[in-house]
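J.: give me a model of this one.
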Amino acid sequence: MPLVTSTEMFKKAYNGGYAVGAFNVNNMEIIQGITEACREEKAPVILQVSKGARAYANRTYLVKLVEAAVIECPEIPIVLHLDHGDSFETCKSCIDDGFTSVMIDLSSKPFAENIEGTKKVVEYAHDHGVVVEAELGALAGVEDDVNVSAEASHYTRPEEVEEFVSKTGCDSLAIAIGTSHGAYKFTAAQCTRNEKGELVPPPLRFDILDEVVKRLPGFPIVLHGSSSVPQNYVKMINENGGKMPDAVGIPESQLRKAAESAVCKINIDSDLRLALTGTVRQYFNEHPDHFDPRQYLKPARANIKELVRHKLVDVLGCNGKA
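T.: I've put the predicted structure just below:
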């Protein structure tokens, strides 16, 4: 099966009460771990490439690695998506490179400017058979080239969504309901502590999501900043020389609730990086004389695969939906 757009994926997800996992990729091992889990669980998948990943790995290498995954996993639908495109030029470059989906993120711009810039990308993308994700509302946090302070973040305004979608023609909409980018999503002051002393982040604003759904019936919604920051990998990192105090993510129970609604795509990035970093740190502590990348990247890839499998089955509910 060649690369596909997310159009049919999202229709099935919306009607089926599940979400498709959108995983950020940066190298071969991450792509392999994700797609092997999806193949075994018969799950559709969106492989996301950020502007930073294109700069790191080279735009050609990443596209060819994804094409290799398509060859190795012909039975599952795979979307190649640009995450957080910040300009028409970046989106155009990805479309011309064979991406089947792009995001144009002008959420930091005034409303009218966001509409104008998004519409321009939509027109070019649709002329080339590519779908477009846009964003209303601004998530706090740091991820690659996205860096939004808590002061600059704001929730999506439901009263704006109908006008935005109708004027831009975008195919899906990322909204801000309390998720946040990166592994350090919330300060300790924003959280409470449970009986174990663990930080508990503020709940997602499902009232905003419900109002958006009411105004955009049948329209696919996207959540960014939705990594759960698995504490077993945070602990693994800290026990092997790392320093990640108070790293906390979105509770998976809340993400599952969102997936059962109109949220058709949930972005997961930091969790994979934590799994890879924790595994490599532990490996070198246990094998200080080893130096072959194949030795330490193999268990890292295996842990990414198992983490993705857990997300597909227990959080997204998209296993068996390929």
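J.: quick check: phi and psi at residue 242.
T.: phi -90, psi 170 (degrees, to the nearest 10).
J.: ok, the nearest residue to it once chain neighbours are set aside - contacts?
T.: For residue 242, ignoring the flanking residues on the chain, the nearest one in space by CB to CB, 6 or more residues apart in numbering is residue 281 at 6.1 Å. All C-beta spots, glycine's among them, are computed from the backbone N, C-alpha and C. Neighbour list for residue 281: 236-237, 240-242 [criterion: CB atoms under 8 Å, 6 or more residues apart in numbering].
J.: most widely separated two among these?
T.: 236 and 241 (10.5 Å; CB to CB).
J.: looking at those two, which one has more neighbours?
T.: Counted by other CB atoms under 10 Å, residue 236 and residue 241 do not tie: residue 236 has more neighbours, with 21 against 10.
J.: and the one helix or strand that one maps to, how far from the chain's centre?
T.: Following DSSP states H and E, one finds residue 236 within helix 231-239. Averaging C-alpha positions (CA atoms, centre = their mean, to the nearest Å) puts helix 231-239 22 Å from its chain's average.
J.: residues in contact with that helix?
T.: 183, 198, 244-245, 247, 271, 274-275, 277-279, 281-282.
J.: can we see that at 10 Å?
T.: 183, 198-199, 230, 242-249, 270-282, 285, 303, 307 (CB atoms under 10 Å, 6 or more residues apart in numbering).
J.: kindly indicate which of the contacts of residue 281 lies nearest residue 94.
T.: residue 237 (31.9 Å).
J.: and the closest one, how far from residue 196?
T.: As judged by CB to CB, to the nearest Å, residue 237 and residue 196 stand 19 Å apart.
J.: looking at the two, which is more packed in?
T.: Set side by side, residue 237 and residue 196 show more neighbours around residue 237, with 22 against 6, by other CB under 10 Å.
J.: among the contacts of helix 231-239, which are located in strands?
T.: Using DSSP state E, the subset of those located in strands is residue 199.
J.: which among the contacts of helix 231-239 end up buried?
T.: Using 16 or more other CB atoms under 10 Å as the burial test, those include 183, 199, 230, 242, 244, 247-249, 270-282, 303, 307 as buried.
J.: what pairs with the lengthiest strand in the chain, and is each one parallel or antiparallel?
T.: With secondary structure taken from DSSP E, the chain has its longest strand at strand 78-85. When pairing is defined by DSSP bridges, strand 78-85 lines up against strand 45-50 (parallel), strand 101-104 (parallel).
J.: just name the most buried of those strands.
T.: Greatest average neighbour count among those goes to strand 101-104 (a mean of 28), per mean count of other CB atoms under 10 Å.
J.: for that strand, the averaged confidence score.
T.: The pLDDT scores in strand 101-104 average 98.
J.: same thing with stretch 42-59?
T.: Average pLDDT, stretch 42-59: 95.
J.: where does pLDDT dip in the stretch 1-150 of the chain?
T.: Applying pLDDT under 70 to the stretch 1-150 of the chain flags the ranges 140-150.
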